[in-house]
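In: Need the 3D shape of this:
(2 chains)
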Amino acid sequence: MTEDITNLRLSSHASEIANQLKETGNFEDALSAAKFGMSYAIKYYFEELKTTDILDDLDNTYDATGNNYNVGSVDSERYISRLLEILYPENTTPYRYARVLMCFGLNKLGDLFEEGQLFPINKVM
Amino acid sequence: MLHFKKMVLRNFGPYKGEQTVNFTDEAGVSIFWGNNGRGKTTLLNAFRYGLFGVVQRRNGLLQNLSEMENSEAVSEGHHGFSVAIEMSNEGDTYELSRQLALRQNVTSPSGEEDYEKILFLKKNGSILSPEDRDHELNMIMPESVSRFFLFDAELLQEYEELLEVDTADGEQIKNAIEKILGVPVIQNGVIDIEDCLSKYDQQKARAARSDDKTVQLGNTMETLNANIEEHQNIIQEKQADLSELVSKRNILENKMKETDKLREWIIKRNEADKRKSEAEDELGEVMGEIRVYLRNAWKGMLLTTINNTRNNVEKEKKQLESKKQKRNVAEHFIIEMKKAVAEKKCPICEQDVNSDIITKLQERINESTSEYTGLSENERERLYQLQECYTNINELVANITDVKSDIAILEERRDRLQIQISEWKQEIEELKDNIERYGSETEESDVFRISKEHSRVEQDITETKKGIEKENDALKVLKEDKEQISKTIDRMAGGTDYRIASKRYDLCEHVFNIFDESKTKYRERLKKNVEKDATELFVQITGDKDYVGLRINDNYGLEIIHKSGRIVPGRSSGYEHIVALALIGALHKNAPLRGPIIMDSPFGRLDPIHKANIVRALPYMAEQSMLLAYTGEIDEQLARKELGSHLLREYKLERISSMHTEIK
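Out: Numbers count the residues shown, from 1 in each chain, chains lettered A, B, ... in the order given. Below is the predicted model:
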């Protein structure tokens, strides 16, 4: 059984995007942008990311050299963990999947940002 | 009468290369058509540069003449420019050539000092010496009266000043008008004769002193003469002071006009700065709010997915619960039936049940048991999981709201503020440019300093005028005393010397009186003539029967007279132009000095009817007129129709590139 992570480390590219989003002044910090990315992925790409197998594959795809967060600070109220247990009942590593969803969502937001389609951000919420 | 015959431009402004304009010897109107930026004003400036060596810009004379170089020619390595004008005046022909050229050994100029100004004037084929050249140019076209020959709409607007009393600009224009009308000639005569008169007066006093009978009175007379001379000198000095103060006031008034604008710009810039800061603060607040909303917005974004999941969970949970419920209901029935079978007695009515019914009941028991099987152990587990999941989901969505609409409102506010800030920034930049361009380092304190200095100069002018008045009063008393003594001497003196001196003085005094009176009469007659001719032109141009004429004031300002005899108050800018044009036309008719009129886009605020009327009046304003107009300023067909045979030639200022115009 795979153990869950205790430090959530984004991919380098996703981190760059999260930092860029912070620079726009709309996000307090890169972590807020990462959580936003996770929700964006769940809201618009859930069908593509429906199984843990897919998430496992993506987990192997994303490097872990970007921003590093302790899961305690990422999810002090255990909201994300409970959420992922609901969305992926069979999963045992919610933070690993949270990392995947954050990277996936940030990459998509990065594409929009690059095309100048991200703002107004309420349109993608 | 001055008449332009030909002009040759070389690399002057947009006129790249050498371009020649041939004017005919005939009297009439030439029109130069050119859109904005094609070089109409530059063409007017070409005449100005050729004749006077200056180039007029909106904010004054151009300081660095090299700015008039054609930039395409410069990039091709040709520096400098020239303007050559061929003209005739009173039977003489002139070839004027003025150029700005690179100094010897300079190939790439770094400033104005690398250029030299070259000027030649040929009269009837012979080159004139610099002194003769300047004198000749000043005779045929003095710069001080150039405003009546070369003008644009802005210059026309200045004639309004003539209606005001004692304004600096008005005084300047009035002097220029008197100059073109030739008043100074007679005025100088008066001054010269007054000088002679003073000499004869002294001779008279000397003669009286040398006569025994009048020696005492002669001495008194001489003392009086000395006193009079002293007062006259003081008056002269004060008048010189006054003239200096007036020009100082002119400079200050011009500076004040500039600083007024500057003050307005500084205030506007400060206001825009303040508004920008306020908008930036508000934007900061809005961005703060957006960040706060976006910190937890991710939860709201999950609502749809979570609700979908909950719906699925709920659906499955309900199915299992229903299955469980049906089994529970069926279970009760089966138990009752099983009891009846076991006790062979109806559990409700306590009656005995026969074996047939028992068999049927047994069959029903079997059927119900297989129909309502209830939850399997797996299903029971699943239901438990679903119930737990359902509770968790409800906990997750409790108190979570979608903040999309709140963020949308904030983003709209943010966008609006960003636009406002950008607009303020743009305005601030424009104002800063204006301030830098016109005000350089001028500060608010300078603005106040100029205005304070202006008040002081105004006060000095008043004091000086009072001083002159006082001196004039004293002079008057002295002159009266002198006259008394002179009469006494006349009665007592019998010497030949005194009689001769007295006769000379009397003769000179007569001549002086004739000149003095002539000066007044000449000026009055000129004014009447100008008023009459300006009225004729004005009536012709306006065509409004309610306006019967113009009335001239002491400053040559013209007021419009209504048919009721009243002066028309608060006339429009358009009418201001018409009055100014009528005045210029009248001056040309009455001036001993005559020449061509060159007008740059003078129709700005006039309606088509008045434009047409002015075009029709052009041939009567001057013998040679040139009109520089943009397409649409006046209708081309209409201009041709109105001018008829007076239209000599039309030229087109054609764009070759943004820095190259050809005169076709």
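In: show me where chain A has helices.
Out: Counting by DSSP state H, chain A has helices at residues A:12-23, A:30-45, A:52-61, A:71-74, A:79-87, A:94-114.
In: Just tell me which of these ends up closest to chain B.
Out: Closest to chain B of these, according to CB to the nearest CB: helix A:30-45, at 3.8 Å. C-betas here are computed from N, CA, C, even on glycine.
In: what's the average pLDDT for that closest one?
Out: Mean per-residue pLDDT for helix A:30-45: 97.
In: what helix or strand is the closest residue to B:Asn70 other than its chain neighbours on?
Out: Nearest non-adjacent residue to B:Asn70, counting by CB to CB, 6 or more residues apart in numbering or on different chains: B:Asn11, 4.1 Å away. Using DSSP states H and E, the element containing B:Asn11 is strand B:3-12.
In: Excluding its own residues, what touches that strand? List them.
Out: Under the contact criterion CB atoms under 8 Å, 6 or more residues apart in numbering or on different chains, strand B:3-12 has outside partners B:15, B:17-23, B:25, B:42, B:46-47, B:49-50, B:68-70, B:73, B:78, B:80-89, B:93, B:99, B:595-596, B:623-624, B:663.
In: Okay, and which of the residues you listed map to strands?
Out: Judged by DSSP state E, the contacts of strand B:3-12 include B:15, B:17-22, B:81-89, B:93, B:99, B:624, B:663 as members of strands.
In: which of the contacts of strand B:3-12 are buried?
Out: B:15, B:19, B:21, B:23, B:42, B:46-47, B:49-50, B:68-70, B:73, B:78, B:80-89, B:99, B:595-596, B:623-624, B:663 (16 or more other CB atoms under 10 Å in any protein chain shown).
In: quick one: what helix or strand has the closest residue to chain A within the stretch 451-600 of chain B in it?
Out: For the stretch 451-600 of chain B, the residue closest to chain A is B:Ser451, as judged by CB to the nearest CB, at 45.6 Å. Here B:Ser451 sits within helix B:444-492, counting by DSSP H and E.
In: cool, and B:Ile598?
Out: Using DSSP H and E, B:Ile598 falls in strand B:597-600.
In: Centre of the chain to stretch B:79-96, how far?
Out: 33 Å (CA atoms, centre = their mean, to the nearest Å).
In: could I have it exported to PDB, CA atoms only?
Out: Taking C-alpha atoms only, stretch B:79-96 is exported to PDB below (Å, rounded to 0.1, in the frame of the first residue of the first chain):
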ATOM      1  CA  HIS B  79      22.100  70.100 -44.600                       C
ATOM      2  CA  GLY B  80      20.700  73.600 -44.500                       C
ATOM      3  CA  PHE B  81      18.000  75.300 -46.600                       C
ATOM      4  CA  SER B  82      17.300  78.400 -48.600                       C
ATOM      5  CA  VAL B  83      14.500  80.700 -49.700                       C
ATOM      6  CA  ALA B  84      14.800  82.900 -52.700                       C
ATOM      7  CA  ILE B  85      12.200  85.500 -53.600                       C
ATOM      8  CA  GLU B  86      12.000  87.600 -56.800                       C
ATOM      9  CA  MET B  87       9.900  90.700 -56.400                       C
ATOM     10  CA  SER B  88       9.200  94.100 -57.800                       C
ATOM     11  CA  ASN B  89       8.500  97.400 -56.100                       C
ATOM     12  CA  GLU B  90       7.800 100.800 -57.700                       C
ATOM     13  CA  GLY B  91       9.500  99.800 -60.900                       C
ATOM     14  CA  ASP B  92      12.600  98.200 -59.300                       C
ATOM     15  CA  THR B  93      13.200  94.500 -59.400                       C
ATOM     16  CA  TYR B  94      14.700  92.600 -56.400                       C
ATOM     17  CA  GLU B  95      16.200  89.200 -56.000                       C
ATOM     18  CA  LEU B  96      16.300  88.200 -52.400                       C
END
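In: what secondary structure does whichever residue of the stretch 1-150 of chain B sits closest to chain A sit in?
Out: Residue of the stretch 1-150 of chain B nearest chain A, by CB to the nearest CB: B:Gly37 (35.7 Å). Following DSSP: H, G, I helix; E, B strand; the rest coil, we place B:Gly37 in the coil state.
In: centre of the chain versus the strand holding B:Asn11, how much separation?
Out: Using CA atoms, centre = their mean, the offset of strand B:3-12 from its chain centre is 29 Å.
In: got it, and stretch B:621-634?
Out: That offset, for stretch B:621-634, works out to 22 Å (CA atoms, centre = their mean).
In: which residues sit against it?
Out: Taking CB under 8 Å, 6+ apart as the rule, stretch B:621-634 contacts B:1, B:3-4, B:23, B:27-36, B:40-41, B:43-44, B:537, B:581, B:584-585, B:588, B:594-603, B:608, B:611-612, B:615, B:618-619, B:639.
In: Show the model's pLDDT score for the residue of the stretch 1-150 of chain B closest to chain A.
Out: pLDDT at B:Gly37 comes out at 80.
In: B:Glu443 too?
Out: Looking at B:Glu443, the pLDDT reads 64.
In: so where is chain A shaky, pLDDT-wise?
Out: A:1 (pLDDT under 70).
In: Swap in 90 and give it another go.
Out: In the predicted model, chain A carries pLDDT under 90 at residues A:1-4, A:90.
In: which residue ends up closest to the midpoint of it in space?
Out: Among the residues of chain A, A:Met102 comes closest to the average C-alpha position under CA atoms, centre = their mean, at 0.7 Å.
In: Quick check: A:Tyr79 touching B:Val397?
Out: No. In this structure A:Tyr79 lies outside contact range of B:Val397 using CB atoms under 8 Å: 10.9 Å.
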